[in-house]
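Colleague: Predicted model, plus sequence, below.
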Amino acid sequence: MQTFLALIVFCLGSVVCINVIDLSSSNSDVTWTFESKNGSITGQGSVPGGIYSDLQKAGVIGNILSGFNDVASRWVAYDSWTYTGRVTINQIPDTDVAHLVLEGVDTVAFVEVNGSPVGSTNNMFVRYVFDIKSQLKASANEIKITFVSPVEAAQLRSEKHFAAPECLPVVYNGECHANQLRKMQASFAWDWGPAFPSVGLWKPAYIEFYNSAIIRSMTSHADKVGAHWDLKIIAHLESSRKRKQIGGRIGASIKVNGGQTLTVDRAFESTTRDDGTSEAELNMTISENVISLWWPNGFGDQALYDLHLRFTSGDSKETYAIHKQIGFRTLEVVEEDISLLPCNDTAGPGLSFYFKVNGYPIFMKGSNWIPANILPELSSDKNTVDELLLSAREAHMAMLRVWGGGVYESDYFYQRCDQLGILIWQDFLFACSMYPADEEFLETVKVEIEQNVINLQHHPSIAIWAGNNENEAALRGNWYFTNPQFMKYKKEYVKLYVDTIKPIVEGLDPGRRYVASSPSNGKESEEEGYISEHPYDPHYGDTHYYNYLLDNWNQNIYPKTRFASEYGFQSLPSLVTMRTATNNESDFQVDSPYSVHRQHSPGGYGFIQDQMNRYFRLDKSDTKYFEKFVYYSQISQAMAMKAETEFYRQSQADWYTMGALYWQLNDVWQAPSWSGIEYGGKWKMLHYFAKSFFAPVLVSPRLLLTHDVDIYLLNDRFVPITGGIITVEFFNWTSTTPMRSILIAANADPLSSIKVPLSIALWKEEINKVFLRFSLVADGVSSSPYNYVFPTPFKSVKGLRQPNIQINVLSNIKATTDGFRYTVEITTDTVVLFLWLETQEPGRFEDNGLVVTDPRITVNYVSNKQMSPKDLEKSIHYDYYMQE
Ligand code: BMA
């Protein structure tokens, strides 16, 4: 009876379906085992899965993110591993095609079915389809995948096709030559992550049986023409390699507003390519009246429409159907002569670089996304993805950059981005390296780009494609000592990103901008032959900016840019998160072997320390030195990112800066990094700050070196700010009652940043005695966070005193969709700096790291646990900044 259990009939809608045998380990009819090369280690394998997670489950290695386990378990990556799947099929379906489909093979592997080789793999981003018709038996079947050690495979390839760098910096504790493999580049270590050179089937695997052809995927192109949308749908069909012709009927239906379903259906016939693929196109004209636009987060709703696509084969009469959700929006990357922009006399020469969505220029606020887990098989975990994307949305982010050292994220990830209005800047997966351009490499890259563009293209969230992370800048800047061979590397660069990748992307997705690198000068880089003289030229394209030598809280250090796609500063994760990696008390020191081991950024703790020393005094003999170091590092980072982000938002006014994506949203382990969210999901102070510095309406001051304060009004809405009054209040450090205030009338156009034509002058004598608070009242502006200028470092302010803080949890608990919302009331008799609330109860404070300048404030706490207000109150403890 195994047959019926193992065979799943894969159905979509009420149509005839194809037969599929799911090979995942959750299917009780399939068993997977793994084995080391010499057979000494065996265990139960997982599909989707990977060797590190399987060895953990088998108890062979400990928690990989604990202590020094990254290096302690490195032997795993030096071995070769075989995964064997066993499945009994009593009766093989009588179809022309029997394909073994491996959605993700990590990475270099040989595939055998019942002892016969059926193929090999070398790219974890490619879906492999093997014809196994002649190997399958109507009885027990064995699928064997032998993975070569990725470290060895990379080394071997590099001996033939070396591409710089020689290796990663030693402090990464990593492995060399990741650039030789089409594998997640960060799995050989990064400056924020450990090396886990994984192997395994990290995505689903199955066998499919059919006679004619299936729709493997679809692309869709919605163009706005007058008062309607031209929707072009392309079905990407796949059949056996033997089939020369595919024919039948192809049809699509889409449900639009008002419950109406629009359909199109036609006969078609086409010749296949050598690999058995072909396309069928359908066109629909849809009135704009039945469509709502898709908008990025903060600018409108995210209307999505169900699109069903169906193919019925002319000969076998089999029907295959797929379903996707699409959105209707226009999006262009505008790179035009900046001098042509109205009223512009401050933005210098050059080109703009901004995203115009549905006809509106939108300043992109957001961050950079790294994989949600260092093990690729776990990176698509829905809860983790949800938590991170919802956090991004809550902080008013409208764009995330899926960075080139990670993976093409899961379908779920992009679906959620569509639903949440998070636009995606999608890098192709090449980062911080030169890359080989030999034939084998380019051939597999072609397949990878084609498959992934086809897979992702229909998502309204995808905004732009970028060929790589920082490789243009690296070559021009001689980061990897490539100057002696500059021309060779340039030729290979152009071969890969321009001659190979660009035409595939533009052919499949003509509507979207492809830039060869991030950062780049966009069109200007193209004119300069793709390796421009100054890839960081502020007059063009996007820039990445890091400078750990200067004071990162000082807005005057930051260079103008058209679009800041990366900038960041490190901090340490909280002790709560660190304790999930070690319980050894002696590890909790900045210079402990453990802390040194986890800091991969050369110069890392030194830079953190330098920045905190500029503002705080922290004595090494302090009994709470480490705890304070962690807390101050988070303040330092949050304040640095606030300063830099607001600088970019302000610069919309004079430089046409149109984006601020800080580095980095999330983390893969409990270690110092640039992230705003710790591994495990806990928000650092930075993420709380992002909620304010990305607020749609914000009064944003800039303290100049002269001690004058310029004031900007930021308005990320489609309506102007009218009747606006900015209040500037002067506080001394001893009281929550302002000493005096100034009222300034200020209005702002929609989607703008304006500089208020009045600066505040601070006297030299008062700068250590006062600070300024900014707020806004304007017609129709329901909320705008307070903002502050602290004119002198906290260590030297005069009058800051110990506050009397009372915490009360009020009795008005509200049940919400995400659990229970508690109101935490905080009262104080004086100014409190960076009040950090903690509780061991599950949940999250909606605000934290608070600068308290009112005698009473309230903060919500959201938890899925119902508890008495008193219990929550008792569990809350806090920290704040006090001078030593
Ligand atoms: C940028 C990124 C990453 C890196 C980060 C912090 O260069 O592209 O490669 O992790 O800086 O150093």
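Modeller: Looks like it came in fine.

Colleague: how does the protein divide into domains?
Modeller: 5-207, 212-315, 699-795, 806-881 (automatic domain parsing).

Colleague: Buried deepest among those domains, which one?
Modeller: domain 5-207 (a mean of 19; mean count of other CB atoms under 10 Å). In this view, the C-beta of every residue, glycine as well, is placed from N, C-alpha and C.

Colleague: Would that one count as contacting the ligand?
Modeller: Yes. Using CB under 6 Å from any ligand atom, we find that domain 5-207 touches the ligand at 190-192.

Colleague: Would you mind writing the CA trace of stretch 489-505 as CSV?
Modeller: Extracted C-alpha coordinates of stretch 489-505, given in CSV (Å, rounded to 0.1, in the frame of the first residue of the first chain):
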residue,chain,number,x,y,z
TYR,A,489,39.7,41.6,-13.1
LYS,A,490,37.9,44.4,-14.9
LYS,A,491,37.4,42.2,-17.9
GLU,A,492,36.1,39.4,-15.7
TYR,A,493,33.8,41.8,-13.9
VAL,A,494,32.3,43.0,-17.1
LYS,A,495,32.0,39.5,-18.4
LEU,A,496,30.0,38.4,-15.3
TYR,A,497,27.8,41.4,-14.4
VAL,A,498,27.4,43.0,-17.7
ASP,A,499,27.8,40.5,-20.5
THR,A,500,26.2,37.5,-18.6
ILE,A,501,23.8,38.7,-15.9
LYS,A,502,22.5,42.0,-17.3
PRO,A,503,21.0,40.7,-20.6
ILE,A,504,19.3,37.8,-18.8
VAL,A,505,17.7,40.2,-16.2
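
Colleague: Would you mark the buried spots in that stretch?
Modeller: Neighbour-count burial for stretch 489-505 flags 489-490, 492-498, 500-502, 504-505 (criterion: 16 or more other CB atoms under 10 Å).

Colleague: coming back round to it: just the ones in strands from the residues of domain 5-207 next to the ligand, please.
Modeller: W190 (DSSP state E).

Colleague: Identify the bridge partners of the spatially closest residue to H221 that is not a sequence neighbour.
Modeller: Leaving aside its sequence neighbours, H221 sits nearest to K232 (CB to CB, 6 or more residues apart in numbering; 4.5 Å). Beta-bridge partners recorded for K232 (DSSP bridges): H221, N283.

Colleague: Please apply the same query to the one 5 residues further on.
Modeller: Applying DSSP bridges to L237 gives these bridge partners: I215, S278.

Colleague: Span of stretch 160-177 from start to end?
Modeller: When the termini of stretch 160-177 are compared using CA to CA, to the nearest Å, they are 12 Å apart.

Colleague: What is the neighbour count of R614?
Modeller: 16 (other CB atoms under 10 Å).

Colleague: other SSEs contacting the helix or strand harbouring it?
Modeller: Taking DSSP states H and E as the definition, one finds R614 inside helix 604-615. Applying 3 or more CB pairs under 8 Å, 6 or more residues apart in numbering; DSSP states H and E, one finds that helix 604-615 makes contact with helix 625-650.

Colleague: between the helix it packs on and helix 604-615, how many degrees?
Modeller: 80 degrees (axes from the mean of the first three to the mean of the last three CA atoms, to 10 degrees).

Colleague: Quick one: the strands in the stretch 501-650 of the chain, in order.
Modeller: 513-515, 543-545, 564-567 (DSSP state E, counting those that start in this stretch).

Colleague: List the pairing partners of the first one within its sheet, with orientation.
Modeller: Meaning strand 513-515. strand 462-466 (parallel).

Colleague: Output the partner strand in PDB, but only the C-alpha positions, please.
Modeller: Written as PDB, here are the backbone C-alpha positions of strand 462-466 (Å, rounded to 0.1, in the frame of the first residue of the first chain):
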ATOM      1  CA  ILE A 462      10.900  43.800  -5.900                       C
ATOM      2  CA  ALA A 463      12.100  47.300  -6.800                       C
ATOM      3  CA  ILE A 464      15.600  47.000  -8.300                       C
ATOM      4  CA  TRP A 465      18.200  44.400  -9.100                       C
ATOM      5  CA  ALA A 466      21.900  44.900  -8.300                       C
END
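
Colleague: what's the average pLDDT for it?
Modeller: In this model, strand 462-466 has an average pLDDT of 98.

Colleague: And the contacts of it?
Modeller: With CB atoms under 8 Å, 6 or more residues apart in numbering as the test, strand 462-466 has contacts from 331, 333, 355, 399, 404, 414, 423-428, 453, 456, 505, 509, 512-518, 520.

Colleague: Take those residues and keep only those in helices.
Modeller: 414, 453, 456, 505 (DSSP state H).

Colleague: Just among these, which is most surrounded?
Modeller: Neighbour max across the ones in helices among the contacts of strand 462-466 (other CB under 10 Å) = V453, 25 neighbours.

Colleague: Report the contact partners of the residue nearest to H221.
Modeller: 220-223, 281-283.
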